[in-house]
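Visitor: give me the fold of what follows.
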Amino acid sequence: FFPDGLSMHERVYEAFQSPLYVTFYLVALAFLAYHLKHGVQSAFQTFGLRHKKYETLITAIAVLFWLIIPIAFAVLPLYFLLAH
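Guide: A predicted model of the protein is given here:
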(Lines give C-alpha, C1' and ligand atoms only; values in the text may rest on other atoms or scores of the structure.)
Protein backbone atom coordinates (compact mmCIF):
# COMPACT_ATOMS: atom_id res chain seq x y z
CA PHE A 1 0.00 0.00 0.00
CA PHE A 2 0.99 3.57 -0.61
CA PRO A 3 0.97 6.34 2.02
CA ASP A 4 -2.55 7.42 1.00
CA GLY A 5 -3.85 3.87 1.58
CA LEU A 6 -4.73 3.10 -2.04
CA SER A 7 -3.71 -0.26 -3.46
CA MET A 8 -2.07 -0.58 -6.88
CA HIS A 9 -5.34 -1.88 -8.31
CA GLU A 10 -7.19 1.19 -7.05
CA ARG A 11 -4.56 3.51 -8.50
CA VAL A 12 -4.65 1.84 -11.91
CA TYR A 13 -8.45 1.76 -11.91
CA GLU A 14 -8.60 5.45 -11.05
CA ALA A 15 -6.03 6.45 -13.68
CA PHE A 16 -7.74 4.50 -16.46
CA GLN A 17 -11.12 6.12 -15.78
CA SER A 18 -9.84 9.17 -17.63
CA PRO A 19 -10.38 9.00 -21.43
CA LEU A 20 -7.50 11.47 -21.87
CA TYR A 21 -5.10 9.25 -19.93
CA VAL A 22 -6.24 6.13 -21.81
CA THR A 23 -5.82 7.92 -25.15
CA PHE A 24 -2.30 8.99 -24.22
CA TYR A 25 -1.50 5.43 -23.10
CA LEU A 26 -2.80 3.93 -26.37
CA VAL A 27 -0.86 6.45 -28.49
CA ALA A 28 2.27 5.57 -26.53
CA LEU A 29 1.58 1.89 -27.25
CA ALA A 30 1.32 2.67 -30.97
CA PHE A 31 4.78 4.25 -30.83
CA LEU A 32 6.01 1.22 -28.90
CA ALA A 33 4.59 -1.08 -31.58
CA TYR A 34 6.45 0.78 -34.33
CA HIS A 35 9.65 0.70 -32.28
CA LEU A 36 9.32 -3.06 -31.66
CA LYS A 37 8.67 -3.77 -35.34
CA HIS A 38 11.77 -1.87 -36.37
CA GLY A 39 13.82 -3.42 -33.55
CA VAL A 40 12.95 -7.01 -34.48
CA GLN A 41 13.73 -6.45 -38.14
CA SER A 42 16.98 -4.68 -37.25
CA ALA A 43 18.02 -7.50 -34.94
CA PHE A 44 17.69 -10.02 -37.74
CA GLN A 45 19.62 -7.67 -40.03
CA THR A 46 22.39 -7.25 -37.43
CA PHE A 47 22.83 -11.01 -37.00
CA GLY A 48 22.90 -11.52 -40.76
CA LEU A 49 19.68 -13.53 -40.78
CA ARG A 50 17.66 -11.17 -42.95
CA HIS A 51 17.37 -13.05 -46.20
CA LYS A 52 14.52 -13.56 -48.66
CA LYS A 53 14.44 -17.19 -47.57
CA TYR A 54 13.56 -16.17 -43.99
CA GLU A 55 11.42 -13.12 -44.78
CA THR A 56 8.12 -14.85 -43.92
CA LEU A 57 9.48 -16.10 -40.60
CA ILE A 58 10.91 -12.68 -39.73
CA THR A 59 7.59 -11.04 -40.55
CA ALA A 60 5.71 -13.57 -38.37
CA ILE A 61 8.05 -12.99 -35.43
CA ALA A 62 7.83 -9.22 -35.89
CA VAL A 63 4.02 -9.42 -35.81
CA LEU A 64 4.21 -11.26 -32.48
CA PHE A 65 6.27 -8.46 -31.02
CA TRP A 66 4.84 -5.34 -32.61
CA LEU A 67 1.18 -6.28 -32.73
CA ILE A 68 0.31 -8.80 -30.05
CA ILE A 69 2.33 -7.30 -27.18
CA PRO A 70 0.89 -3.77 -27.53
CA ILE A 71 -2.63 -5.17 -28.00
CA ALA A 72 -2.24 -7.22 -24.83
CA PHE A 73 -1.14 -4.11 -22.93
CA ALA A 74 -4.06 -2.11 -24.41
CA VAL A 75 -6.66 -4.51 -23.02
CA LEU A 76 -6.30 -3.32 -19.41
CA PRO A 77 -6.92 0.41 -19.89
CA LEU A 78 -9.76 -0.25 -22.33
CA TYR A 79 -11.35 -2.68 -19.88
CA PHE A 80 -11.18 -0.19 -17.01
CA LEU A 81 -12.45 2.65 -19.20
CA LEU A 82 -15.33 0.80 -20.83
CA ALA A 83 -16.41 -1.63 -18.08
CA HIS A 84 -17.35 0.87 -15.38
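
Visitor: residue 38 is in what secondary structure piece?
Guide: Following DSSP states H and E, one finds residue 38 within helix 19-46.

Visitor: buried residues, that helix. List them.
Guide: 22, 25, 29, 33, 36, 37, 40, 41, 44 (16 or more other CB atoms under 10 Å). Yep, even glycine has a C-beta here, placed from its N, CA and C like the rest.

Visitor: so how far is residue 32 from the first one?
Guide: Applying CB to CB, to the nearest Å, the value for residue 22 to residue 32 is 15 Å.

Visitor: ok, now residue 14?
Guide: 23 Å.

Visitor: grab the most central residue of this protein for me.
Guide: Central residue of the chain (CA atoms, centre = their mean): residue 70, 2.3 Å from the mean position.

Visitor: ok, that residue - contacts?
Guide: Applying CB atoms under 8 Å, 6 or more residues apart in numbering to residue 70 gives the contacts 29, 30, 32, 33, 36.

Visitor: one more time with 6 Å, if that's ok
Guide: 29, 32, 33 (CB atoms under 6 Å, 6 or more residues apart in numbering).

Visitor: chain center to the helix holding residue 38: distance?
Guide: Relative to the chain's own centre, helix 19-46 is displaced by 6 Å; criterion: CA atoms, centre = their mean, to the nearest Å.

Visitor: thanks again, I'm all set now.
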